[in-house]
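> sequence-free structure coming up:
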(Lines give C-alpha, C1' and ligand atoms only; values in the text may rest on other atoms or scores of the structure.)
Protein backbone atom coordinates (compact mmCIF):
# COMPACT_ATOMS: atom_id res chain seq x y z
CA UNK A 1 0.00 0.00 0.00
CA UNK A 2 1.32 3.33 -0.86
CA UNK A 3 1.09 6.72 0.38
CA UNK A 4 -0.51 9.46 2.30
CA UNK A 5 -3.85 9.89 3.96
CA UNK A 6 -5.69 10.57 0.69
CA UNK A 7 -4.21 7.52 -0.94
CA UNK A 8 -2.90 9.56 -3.85
CA UNK A 9 0.51 8.03 -3.80
CA UNK A 10 2.24 10.97 -2.18
CA UNK A 11 4.45 10.54 0.81
CA UNK A 12 3.49 11.35 4.41
CA UNK A 13 2.80 15.04 5.02
CA UNK A 14 5.22 17.10 7.05
CA UNK A 15 3.84 17.89 10.53
CA UNK A 16 4.10 21.57 11.52
CA UNK A 17 6.45 22.43 14.33
CA UNK A 18 5.10 22.88 17.87
CA UNK A 19 6.34 26.47 17.99
CA UNK A 20 4.43 27.33 14.84
CA UNK A 21 1.22 25.82 16.22
CA UNK A 22 1.62 27.71 19.50
CA UNK A 23 2.12 31.00 17.68
CA UNK A 24 -0.94 30.41 15.50
CA UNK A 25 -2.99 29.49 18.55
CA UNK A 26 -1.97 32.70 20.35
CA UNK A 27 -2.88 34.78 17.28
CA UNK A 28 -6.27 33.09 17.11
CA UNK A 29 -6.92 33.74 20.81
CA UNK A 30 -6.09 37.44 20.48
CA UNK A 31 -8.32 37.78 17.41
CA UNK A 32 -11.19 36.06 19.22
CA UNK A 33 -10.72 38.28 22.27
CA UNK A 34 -10.95 41.39 20.08
CA UNK A 35 -14.15 40.23 18.40
CA UNK A 36 -15.85 38.83 21.50
CA UNK A 37 -18.22 41.30 23.20
CA UNK A 38 -17.31 42.45 26.66
CA UNK A 39 -19.15 40.72 29.49
CA UNK A 40 -21.58 42.79 31.52
CA UNK A 41 -20.48 43.54 35.08
CA UNK A 42 -21.74 41.04 37.58
CA UNK A 43 -24.25 42.54 39.97
CA UNK A 44 -23.41 41.81 43.56
CA UNK A 45 -25.60 41.98 46.63
CA UNK A 46 -24.90 45.70 47.04
CA UNK A 47 -25.81 46.70 43.50
CA UNK A 48 -29.49 47.31 44.27
CA UNK A 49 -30.87 44.68 41.90
CA UNK A 50 -30.99 41.04 42.78
CA UNK A 51 -30.90 38.55 39.94
CA UNK A 52 -32.67 35.48 41.24
CA UNK A 53 -33.15 32.22 39.53
CA UNK A 54 -35.11 32.03 36.31
CA UNK A 55 -37.97 30.29 38.06
CA UNK A 56 -38.12 33.01 40.70
CA UNK A 57 -38.16 35.73 38.07
CA UNK A 58 -40.89 33.94 36.11
CA UNK A 59 -42.99 33.61 39.25
CA UNK A 60 -42.57 37.30 40.05
CA UNK A 61 -43.52 38.38 36.53
CA UNK A 62 -46.61 36.16 36.45
CA UNK A 63 -47.64 37.35 39.92
CA UNK A 64 -47.34 40.99 38.85
CA UNK A 65 -49.53 40.34 35.82
CA UNK A 66 -52.19 38.36 37.69
CA UNK A 67 -52.26 40.90 40.54
CA UNK A 68 -52.98 43.72 38.09
CA UNK A 69 -55.89 41.84 36.53
CA UNK A 70 -57.36 40.81 39.90
CA UNK A 71 -57.04 44.33 41.33
CA UNK A 72 -58.74 45.76 38.25
CA UNK A 73 -61.55 43.21 38.55
CA UNK A 74 -62.13 43.94 42.22
CA UNK A 75 -62.13 47.71 41.65
CA UNK A 76 -64.54 47.32 38.74
CA UNK A 77 -66.90 45.16 40.77
CA UNK A 78 -66.88 47.68 43.63
CA UNK A 79 -67.43 50.51 41.18
CA UNK A 80 -70.42 48.68 39.66
CA UNK A 81 -71.96 47.91 43.07
CA UNK A 82 -71.65 51.50 44.30
CA UNK A 83 -72.86 53.26 41.15
CA UNK A 84 -75.09 50.56 39.61
CA UNK A 85 -73.29 50.60 36.24
CA UNK A 86 -72.98 46.82 35.86
CA UNK A 87 -71.22 45.38 33.80
CA UNK A 88 -69.42 48.41 32.37
CA UNK A 89 -67.27 49.24 35.38
CA UNK A 90 -66.06 45.66 35.66
CA UNK A 91 -65.19 45.49 31.96
CA UNK A 92 -63.36 48.83 31.93
CA UNK A 93 -61.39 48.12 35.10
CA UNK A 94 -60.51 44.58 33.94
CA UNK A 95 -59.00 46.06 30.78
CA UNK A 96 -57.16 48.67 32.86
CA UNK A 97 -55.89 45.93 35.19
CA UNK A 98 -54.75 43.89 32.18
CA UNK A 99 -52.85 46.88 30.77
CA UNK A 100 -51.33 47.61 34.18
CA UNK A 101 -50.21 43.99 34.49
CA UNK A 102 -48.56 44.13 31.07
CA UNK A 103 -46.85 47.42 31.96
CA UNK A 104 -45.54 45.95 35.23
CA UNK A 105 -44.14 42.89 33.44
CA UNK A 106 -42.47 45.09 30.81
CA UNK A 107 -41.05 47.38 33.49
CA UNK A 108 -39.62 44.50 35.52
CA UNK A 109 -38.16 42.75 32.49
CA UNK A 110 -36.45 45.94 31.31
CA UNK A 111 -38.40 46.82 28.14
CA UNK A 112 -39.37 50.33 29.26
CA UNK A 113 -35.92 51.57 30.27
CA UNK A 114 -36.79 51.46 33.96
CA UNK A 115 -35.79 48.43 35.96
CA UNK A 116 -37.67 47.69 39.13
CA UNK A 117 -39.35 51.10 39.15
CA UNK A 118 -36.08 52.98 39.62
CA UNK A 119 -35.05 55.97 37.55
CA UNK A 120 -32.27 54.93 35.11
CA UNK A 121 -30.15 58.00 35.96
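Looks like it came in fine. All values derive from a computational prediction rather than experimental measurement.
> Tell me the secondary structure at residue 39.
coil (DSSP: H, G, I helix; E, B strand; the rest coil).
> any idea how far it is from residue 33?
12 Å (Cβ to Cβ, to the nearest Å). The way it works is simple: take the backbone N, C-alpha and C, and place the C-beta from them, glycine included.
> Is it correct that residue 68 is in contact with residue 94?
No: taking Cβ atoms under 8 Å as the definition, residue 68 is not a contact partner of residue 94, at 10.0 Å.
> For the top helix by length along the chain, which residues meet the burial criterion?
Identified as the longest helix of the chain according to DSSP state H is helix 54-83. Buried residues in helix 54-83, counted by 16 or more other Cβ atoms under 10 Å: 61, 64-65, 68-69, 72-73, 75-77, 79-80.
> Columns pLDDT and distance to residue 55 on top of these, output as CSV?
Listed next are the buried residues of helix 54-83 as CSV, based on pLDDT from 0 to 100; distance: Cβ to Cβ, whole Å:
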residue, pLDDT, distance to residue 55
61, 93, 11
64, 94, 15
65, 95, 16
68, 95, 21
69, 95, 22
72, 95, 26
73, 95, 27
75, 96, 30
76, 95, 32
77, 95, 32
79, 93, 36
80, 93, 37
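> Any stretches of the chain with poor pLDDT?
Across the chain, the ranges flagged by pLDDT under 70 are 1-16, 40-52, 113-121.
> give me that answer again for 50
44-48 (pLDDT under 50).
> who does the longest helix of the chain touch, helix- and strand-wise?
Packing contacts for helix 54-83, counted by 3 or more Cβ pairs under 8 Å, 6 or more residues apart in numbering; DSSP states H and E, involve helix 88-109.
> relative to helix 54-83, how tilted is the helix it packs on?
Put simply, helix 88-109 runs at 160 degrees to helix 54-83, going by axes from the mean of the first three to the mean of the last three Cα atoms, to 10 degrees.
> Show residues contacting helix 88-109.
60-61, 64-73, 75-77, 79-80, 83, 112, 114-117 (Cβ atoms under 8 Å, 6 or more residues apart in numbering).
> let's see it at 10 Å
57, 60-83, 85, 87, 111-118 (Cβ atoms under 10 Å, 6 or more residues apart in numbering).
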